[in-house]
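S.K.: sequence and computational prediction follow.
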Amino acid sequence: MDREVVMVVEDTTADATHLELQLEGIEEVGEIIIAEDGFVALGMLREMDRRGNAFPTLIFLDLRMPRVDGFQFLEAFEHYHPHHRSRVVVVTGSASDPDRIKALEYRSVENYVVKPVFRIDIQRVLRASWDEASGVVRNGRQATKELPSR
């Protein structure tokens, strides 16, 4: 089974650590890359691209960050890395409808989750992501594999 390379873009250490711990308990998640804000994340992605390293298949992105916020990250990511198929999940403290609508307008954003985030939330997001990526239909809707309950 292929394990996913996942990037967490989060400026709050406690939130980044919490999300990393939740991800570590999921069998399908392989390498977890932590970036402290959008600026650092874009630099890391640029370097991965330059070296031909594996790009994250999934990026968990906070919206409210210093230097380069989540929306600025999305603009730059979609402009400079249009050929990569990374899927972005916005994980934010903002339950605002305008933020949700704006975030979901980006091509790479496939989900919007309001903090706090727990393993069951991540499993649902991953299942939906795999459903969309696989194109397999189960019970009248897109599906791939079951995630183990933890």
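M.R.: In hand now; what should we look at?
S.K.: now residue 84. Its backbone dihedrals?
M.R.: phi -90, psi 150 (degrees, to the nearest 10).
S.K.: number of residues surrounding the residue nearest to it when sequence neighbours are not counted?
M.R.: Among residues not flanking residue 84 along the chain, residue 55 sits closest, at 4.9 Å (C-beta to C-beta, 6 or more residues apart in numbering). The way it works is simple: take the backbone N, C-alpha and C, and place the C-beta from them, glycine included. Applying other C-beta atoms under 10 Å, we find 16 residues neighbouring residue 55.
S.K.: phi, psi for residue 55 please.
M.R.: Main-chain torsions, residue 55, degrees, to the nearest 10: phi -80, psi 150.
S.K.: same question, the one 3 residues further on
M.R.: Main-chain dihedrals, residue 58, degrees, to the nearest 10: phi -140, psi 130.
S.K.: gap between it and residue 10?
M.R.: 14 Å (C-beta to C-beta, to the nearest Å).
S.K.: what does residue 3 give?
M.R.: Per C-beta to C-beta, residue 3 is found 21 Å from residue 10.
S.K.: more crowded one of those two?
M.R.: Between residue 3 and residue 10, residue 10 has the larger neighbour count (other C-beta under 10 Å), namely 26 against 12.
S.K.: the more buried one reaches residue 91, doesn't it?
M.R.: Yes: contact criterion C-beta atoms under 8 Å: residue 10 and residue 91 qualify, at 7.4 Å.
S.K.: joint contacts of those two?
M.R.: Taking C-beta atoms under 8 Å, 6 or more residues apart in numbering as the criterion, residue 10 and residue 91 both touch 19, 60, 62.
S.K.: filter those residues down to the ones in helices?
M.R.: Under the assignment DSSP state H, these contribute residue 19 to helices.
S.K.: most neighbours among the shared contacts of residue 10 and residue 91, which one?
M.R.: Result: residue 60 is most packed of the shared contacts of residue 10 and residue 91 (other C-beta under 10 Å), 28 neighbours.
S.K.: wait, what's in contact with that one?
M.R.: By C-beta under 8 Å, 6+ apart, the neighbours of residue 60 are 6, 7, 8, 9, 10, 19, 88, 89, 91.
S.K.: for these, which one is nearest residue 35?
M.R.: Closest to residue 35 out of the contacts of residue 60 is residue 9 (4.8 Å), distances taken as C-beta to C-beta.
S.K.: fine by me, we can end here.
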